[in-house]
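**Q** Next come a sequence and a model predicted from it.
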Amino acid sequence: MRAFKFAKYLPRYGWRPVVLCGGGFRYLAEDETLIPELPTEVAIERVDVPEPYSLASRKPSPKTKEMGRGIASWLSFPDTRALWITRGLRRGLEIIKKENPSVILATSPPYSSLILGRKLSEKTGLPLVVDYRDLWNGSPYRAYPTRFHAIWNQKAEARVLRRASSAIVINEVMGRILSESFGIRPFVIHQGYDPADFSGQKPPEDGCLRILYAGSFFGKRDPTRFLDGLALVKQRRPELCFTLTWAGIGSYPVEEMIRSRGFSDVFQHIPYTSHRASCRLMEEHNLLWALVGPEEGPEVSTVKAYDYLGARRALLVAAPENTDAARLARETGSYLCPPDDPEAVYWAVCQIYDDLRRKSLRVPKNTEKYSAPVRTKALADLLSGLT
């Protein structure tokens, strides 16, 4: 979504993107409804790139993805999209010869894209800008099977960064980690939201706390303790009206967890929805829940917390105090609680409900700098400084 919104708004600031991307990848979720948002001058070039999941008859489940990632970590360097480097290089050189671009922007993951960007830059002499949405080495989502694999990846990343004219990261913690590891000074462009995705409709006013989680539960992003906190709300304050909607997919048995805690009657699961429909859902609820697990790492930014800002609804961030998500909550005046303390979740939800009844729900403030046009302007200025 980040790269898509950059492509959407870069023409506003004098840049015409030519997007080279891999086709044939099997994602957990895909949204073709976004394509019409792109200006006509944005060119998209797809290269068919097979990966282990390409042979499957249907999309892989989150659990299958996690298992496959573990197996692939032994055999595929740097990730399951390794063939993207060879096939993308051939097509990328053709595009560069035809379009004569001024700069190469490579965004990751997949980390194969950074290696592809380096090779294109080395062969053409064009400046390279690398954009990190997650850390490559040091990511809590990547575990190398042997020390040899870890060293291999570290050297590959160092080679990319030596070639790069600039590196972009999504938060200050990630920037500090890269600076300490590789001696560079990354440029921070946070995640954010697109105002055009939201209609500005009024929030529901029926006195019920309508909670939405829009996103995935996977790996270390475990909803167990938050649900325990909601169960305490149900037990101790039965007069407190709330509903919970989950729009997304994940590897946790959330429906079973809901049933065992006794609030199936107020729970709804929407397995998949388009991005624009997800934004409509945000506006139909009055509390948007974001989650970062205690073991995910302080550099982790949950994209959804930034996306929620555009809905102008109360935001509850369940995250450790030292994370970027918690920083965002404090900066915008949103609600914040630990992700693994059911009692803290209980008290946070009770406070939010009482604020709702008093008509004093805290809506995020100081959000304009996170809008897609503002963030893209920062990228455009960076690119202009390199050409």
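**A** Looks like it arrived, so ask away. From a predicted model like this one, the values you see are computed outputs, not experimental measurements.
**Q** in the chain, which residue is closest to the centre?
**A** With distances taken as Cα atoms, centre = their mean, the residue of the chain nearest its centroid is V303 (3.6 Å).
**Q** For V292, see how far away that residue is.
**A** Applying Cβ to Cβ, to the nearest Å, the value for V303 to V292 is 11 Å. Quick note: C-beta positions are derived from backbone N, CA and C, even for glycine.
**Q** next one: I96
**A** Taken as Cβ to Cβ, the span from I96 to V292 is 39 Å.
**Q** Show me the strands in the stretch 101-250 of the chain, by range?
**A** Applying DSSP state E, counting those that start in this stretch to the stretch 101-250 of the chain gives strands spanning 104-108, 128-132, 166-169, 187-188, 209-214, 242-247.
**Q** May I see these organised as CSV, with mean pLDDT, mean neighbour count and distance to R313 added?
**A** As requested, the strands of the stretch 101-250 of the chain are arranged in CSV below (pLDDT from 0 to 100; neighbours: other Cβ atoms under 10 Å; distance: least, Cβ to Cβ, whole Å):
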stretch, mean pLDDT, mean neighbour count, distance to R313
strand 104-108, 97, 22, 29
strand 128-132, 98, 24, 28
strand 166-169, 98, 22, 27
strand 187-188, 98, 15, 26
strand 209-214, 97, 24, 8
strand 242-247, 96, 20, 13
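**Q** can you redo the ones you listed as CSV with distance to V42?
**A** Shown next, in CSV, are the strands of the stretch 101-250 of the chain (distance: least, Cβ to Cβ, whole Å):
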stretch, distance to V42
strand 104-108, 13
strand 128-132, 17
strand 166-169, 20
strand 187-188, 23
strand 209-214, 26
strand 242-247, 28
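**Q** Of all these, which one comes closest to L328?
**A** Of all the strands of the stretch 101-250 of the chain, it is strand 187-188 that lies closest to L328, at 12.9 Å by Cβ to Cβ.
**Q** Pairing partners for that closest one, with directions?
**A** Strand 187-188 sits in its sheet next to strand 166-169 (parallel), going by DSSP bridges.
**Q** can you give me the offset of the partner strand from its chain's centre?
**A** Once both centres are worked out by Cα atoms, centre = their mean, to the nearest Å, strand 166-169 turns out to sit 17 Å from its chain's centre.
**Q** Can you give me the first-to-last residue distance of stretch 260-270?
**A** 19 Å (Cα to Cα, to the nearest Å).
**Q** Also stretch 276-291?
**A** Start-to-end, stretch 276-291 (Cα to Cα) is 21 Å.
**Q** just stretch 338-346 next, same as before
**A** Terminal-residue distance, stretch 338-346 (Cα to Cα): 11 Å.
**Q** just stretch 123-142 next, same as before
**A** Stretch 123-142 end-to-end distance (Cα to Cα) = 30 Å.
**Q** Could I get the contacting residues of M257?
**A** 223-224, 227 (Cβ atoms under 8 Å, 6 or more residues apart in numbering).
**Q** May I see the residues you listed organised as JSON lines, with neighbour count added?
**A** As requested, the contacts of M257 are arranged in JSON lines below (neighbours: other Cβ atoms under 10 Å):
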{"residue": "P223", "neighbour count": "21"}
{"residue": "T224", "neighbour count": "16"}
{"residue": "L227", "neighbour count": "21"}
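**Q** Identify, from those, the entry nearest to G333.
**A** P223 (24.5 Å).
**Q** ok, so what distance separates the closest one from L240?
**A** From P223 to L240 the distance is 19 Å (Cβ to Cβ).
**Q** Could you tell me which residues within stretch 226-233 count as buried?
**A** By neighbour count, with 16 or more other Cβ atoms under 10 Å as the criterion, the buried positions of stretch 226-233 are 226-233.
**Q** Provide the backbone phi and psi angles at P373.
**A** phi -60, psi -40 (degrees, to the nearest 10).
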